[in-house]
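# starting from these lines, generate the structure:
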Amino acid sequence: MTKAAPTADIARSLAPLLAARRDAAETAACLDAEVDRAFADARLYLLVAPREYGGHEASIAEVIETVEALAVGDPGAAWHVANSVVAGVLGGCTDPDAARQLYAGPPRHFGFSAVPGGTATADPDRGGYRIEGRWPFVTGARSTGWVGLTAIVVGADPPQARTFFVPASEVTVEDTWRGMLGMMSSGSHAVSASDAHSPAGLSFSFVDPQPRLARPMFLARPYLVFAATGIGVVLGVWQAALEATIAAVGGKRSSMDGSLQAELSSVQLAVAEAYADLTAFRSGLLAESAAMWDRLSIAGHVTPAERAPLWALLLRTPATARESISRLYAASSTLAWPADHPVARAVRDIHSITVAFERFSKAMADAGRAMTGLEPLMPPF
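Now for the predicted structure:
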């Protein structure tokens, strides 16, 4: 049996707190303060950050396990940890002074938006870049210290998108996330900036990160690492839906004929197939993550063909989970109709999460290309 990651053990111990504070967090459309403190105390916002700066520098498999454990309690809260890995990866790709500036002060989560929403212009007077634009979805916008905003670099030839970290005090947060149907506690409000300053060394490219530290986490492709953290949330939502369905139908009897809900073949199939699919995907993801980590540790690089199996699993998991959770919802019958029922929540959350994976959709074809000996077409692959 594989030994659980220490950070995953921490995450499992926090799951009851996340579940208990979830209602309040969703009502406020932001991360609960007590949960935030617990994450900070456990340094989960530095899950992949370099050890030199107090980070865990966890492996990809450890990241998936940790984020999954948190997402069982509250996927929106787990999303804060998942998005903070971008700042952690940057720590291994920039100079020490810039990294220390990013991680200075009390631990806080890092806001992030992967979609280019503005421009970045070199700032000769202050160094770094001047950031302008509007980003419609930024996780944890109201409670973060630094915001990672993806922008197009002005004057770059060819055009280049980079993620720039700016102090949260220099952006304006718009209260746009209240009333959303899924992932409400992620607090993914819109932000805008007119003259925000991203200090020198606090930006990087997902396509060409140029790692400074030659260790597995920073040698891995950033898009792949980011996708893996999101998959941890998917697995957690899936696990929670399965557990809630089993608990709901176990003693439920039909109001028509008194038969047990669990006696329906549709319920039995939904539960058994959900368990089989979830277990198979989780096992495959952890195995391929560990295999790639070992190759990076030994050789310092992996080929597209060696990355392809993990990419294929990462990209197939969300759609399979969405279909499975929808079937669990149907199997739960009227039990899952209340808006706060765990299965109903899982349906809303999984549909919200899978939208985030649409940006990776072309990578599935690239996985097939790499497996058959062809070069991938997407640079981040």
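
# isn't residue 242 up against residue 271?
Yes. Counting by Cβ atoms under 8 Å, residue 242 does reach residue 271; the two are 7.0 Å apart. No exception for glycine: its C-beta is placed from N, CA and C like everyone else's.

# which one of the two has more residues nearby?
Taking neighbours as other Cβ atoms under 10 Å, residue 242 and residue 271 compare with residue 242 leading, 22 against 19.

# for the one helix or strand residue 37 maps to, buried residues please.
Per DSSP states H and E, residue 37 falls inside helix 33-41. For helix 33-41, a neighbour-count test (16 or more other Cβ atoms under 10 Å) marks 35, 36, 38, 39 as buried.

# ok, those residues vs residue 227, which is closest?
Residue 227 lies nearest to residue 39 out of the buried residues of helix 33-41, by Cβ to Cβ, at 21.3 Å.

# contact partners for the closest one?
14, 45, 77, 80, 81, 107, 109 (Cβ atoms under 8 Å, 6 or more residues apart in numbering).

# sort out for me which of the residues you listed are in helices.
Among the contacts of residue 39, DSSP state H puts 14, 77, 80, 81 in helices.

# among those residues, who's most crowded?
residue 77 (31 neighbours).

# what sits against that residue?
For residue 77, the contact set (Cβ under 8 Å, 6+ apart) comprises 18, 21, 22, 25, 31, 32, 35, 39, 70, 185, 186.

# sorry, back to before: and the helix holding residue 37, C-alpha only, in CSV?
The C-alpha trace of helix 33-41 is given here as CSV (Å, rounded to 0.1, in the frame of the first residue of the first chain):
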residue,chain,number,x,y,z
ALA,A,33,-11.4,33.0,7.9
GLU,A,34,-11.0,30.0,10.2
VAL,A,35,-10.3,27.7,7.3
ASP,A,36,-7.9,30.3,5.9
ARG,A,37,-5.9,30.3,9.2
ALA,A,38,-5.8,26.5,9.2
PHE,A,39,-4.5,26.4,5.7
ALA,A,40,-1.9,29.0,6.5
ASP,A,41,-0.8,27.3,9.7
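
# next one: it to chain centre, how far?
Distance of helix 33-41 from the chain centroid (Cα atoms, centre = their mean, to the nearest Å) equals 18 Å.

# please renumber so the chain begins at 400
Sounds good: first residue 400 from here, last item helix 432-440.

# most widely separated two among the ones in helices among the contacts of residue 438?
Checking these with Cβ to Cβ, the most distant pair is 413 and 479, at 12.4 Å.

# tell me where the stretch 400-549 of the chain has helices.
Here the stretch 400-549 of the chain has its helices, by DSSP state H, counting those that start in this stretch, at 405-427, 432-440, 459-472, 474-490, 495-502.

# list the contacts of the residue nearest in space to the middle of the chain.
Taking Cα atoms, centre = their mean, the centroid of the chain lies closest to residue 629, which sits 3.0 Å from it. By Cβ under 8 Å, 6+ apart, residue 629 lies in contact with 481, 752, 755, 756.

# looking at those, state which has the most neighbours.
Busiest of those [other Cβ under 10 Å] is residue 481, holding 28 neighbours.
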